[in-house]
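> this one's structure only:
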């Protein structure tokens, strides 16, 4: 996993999320697997304080950021706001 993917997974875990839990039951007919039952349940995964702690410990204080890092973060946040407004 790339560093950014790990950070995003940690952020998702730190904030909590919803997911679908799928349970499927199969039987065999004439030697072939056949789906008998499929149950989809919404599952809420609560925020994880350890993941939040890891994220906070790894962040540099804004005063330590370079001008380029600040500009990139500003652009990222503006793009997030724009996407939120469009949805």
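Good, I have the coordinates. Owing to the predicted nature of the structure, the values given are computational and were not obtained by experimental measurement.
> any regions of the chain where pLDDT drops low?
Scanning the chain for pLDDT under 70 picks out 1, 60.
> strands of this structure, residue ranges please.
Here the chain has its strands, by DSSP state E, at 17-29, 32-45.
> what lies in contact with the lengthiest helix in the chain?
If you go by DSSP state H, the chain has its longest helix at helix 67-86. Around helix 67-86, the neighbours that count as contacts under CB atoms under 8 Å, 6 or more residues apart in numbering are 62, 65. To be clear about C-beta, it is placed using only N, CA and C from the backbone, and glycine gets the same treatment.
> run the chain-centre distance for that helix.
Helix 67-86 sits 19 Å away from the centroid of its parent chain (CA atoms, centre = their mean, to the nearest Å).
> may I see the buried residues of that helix?
Residues of helix 67-86 include none that count as buried (16 or more other CB atoms under 10 Å).
> which parts of stretch 52-66 are buried?
Buried, per 16+ other CB under 10 Å, within stretch 52-66: residue 52.
> can you give the contact residues for it?
With CB under 8 Å, 6+ apart as the criterion, stretch 52-66 contacts 7, 10, 11, 14, 70, 73.
> look up how far residue 47 lies from the residue nearest to the spatial centre of the chain.
The centre of the chain sits closest to residue 12, judged by CA atoms, centre = their mean, with a distance of 3.5 Å. Taking CB to CB, to the nearest Å as the measure, residue 12 falls 10 Å from residue 47.
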